[in-house]
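J.: sequence and computational prediction follow.
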Amino acid sequence: MYLNTIVVEDEAPSRELLIEYVIGEEQLNLGAVARNGREALEKLKENRYDLCFLDINLPFLNGLQVIEQLDYVPYIIFTTVYKEYAVEAFELGAVDYLLKPISRERFKKAVAKAASLIPSLTAEDSDHSRSKGLFLQQKGSHQFVKFSDIIYLTANNKSTIIHTLEQDLDCNALIKDLLERLPDPQFLRIHKKYAINIDFLDRLDTQENGKFLLVLKNDDETVLPVGSTFLRNIREDMGL
């Protein structure tokens, strides 16, 4: 029963103190430690963490640059000696902003604040939450999107538009990478530009030129082209 946590800190004394604090909290599990921005970016891309204690002034990449390069962002508690980054940090969706030296009492308050925002205090429930949807960073905050609310995806250069029942969301990830975070076989690639939630699949129409179109069961009855390389998978999925 814990939140998987990563500590990112280049200064040894501060790093050891944070490690000690994290280990001392029953609901936190120390999953990784990084000593610079480049190492932090690699670890954050390799694994999913619930919570990240992130120094701002780091070698190679600063903490703000690390966050800006992630398509999936854990809950962030910034740690720094500088007050001037606070506004930008909160604009990026930071849970809290700890000024060094950090007392255990102040650390505990930050953890409690993060725990109140995270859907669950347990890893089991957190995994359960993620099995139902994904978190997206939107305008400085984290937004939870249920898989069942996603109708289809549209590739948009280096990002992806997620079309949901209520709104369209821009995700800073390639469509192929985003599909790896979505349950298979619920989400199906139908075109180099499109993927759909098969729960919204209505029918497959044949055009006079021999090409195919998919019609979705949403309010707009969205019609999407089918790429020839994806047609076989679609037919198999529909039992055709």
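T.: Received it, and whenever you're ready, just let me know what you need. As the structure is a prediction and not an experimental result, all values here were calculated from the model.
J.: outline the domain layout of this protein.
T.: Per the record, the chain has its domains at 3-118, 147-238, by automatic domain parsing.
J.: hey, which of these is tucked in deepest?
T.: domain 3-118 (a mean of 18; mean count of other CB atoms under 10 Å). Bear in mind the C-beta positions are built from the backbone N, C-alpha and C, glycine included.
J.: which residues of this protein score low on pLDDT?
T.: 1, 89, 92, 118-132, 135-144, 237-240 (pLDDT under 70).
J.: what segments of it are helices?
T.: For the chain, the helices defined by DSSP state H cover 12-23, 37-46, 63-68, 86-91, 104-117, 123-132, 175-179, 231-238.
J.: can you give the distance from the second one to the centre of its chain?
T.: Right, helix 37-46. Helix 37-46 sits 14 Å away from the centroid of its parent chain (CA atoms, centre = their mean, to the nearest Å).
J.: what is that helix packed up against?
T.: strand 3-8, strand 28-34, helix 63-68 (3 or more CB pairs under 8 Å, 6 or more residues apart in numbering; DSSP states H and E).
J.: okay, that helix in CSV with CA atoms only?
T.: C-alpha atoms of helix 37-46 as CSV (Å, rounded to 0.1, in the frame of the first residue of the first chain):
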residue,chain,number,x,y,z
GLY,A,37,17.9,16.1,-15.4
ARG,A,38,19.0,13.7,-18.2
GLU,A,39,18.9,10.7,-15.8
ALA,A,40,15.5,11.9,-14.4
LEU,A,41,14.0,12.1,-17.9
GLU,A,42,15.2,8.6,-18.8
LYS,A,43,13.8,7.1,-15.6
LEU,A,44,10.5,8.9,-15.9
LYS,A,45,10.1,7.7,-19.5
GLU,A,46,11.0,4.1,-18.6
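J.: make 45 the first number, not 1, from now on.
T.: Got it, first residue is 45 now, which makes that one helix 81-90.
J.: list the contacts of that helix.
T.: 50, 52, 76, 78, 96, 98, 102-107, 109-110, 113-114, 118 (CB atoms under 8 Å, 6 or more residues apart in numbering).
J.: coming back round to it: so which of the helices and strands packed on helix 81-90 comes closest to Ala138?
T.: helix 107-112 (8.6 Å; CB to CB).
J.: which residue lies farthest from the center of the protein?
T.: Distance to the chain centre peaks in the chain at Glu252, reaching 41.6 Å (criterion: CA atoms, centre = their mean).
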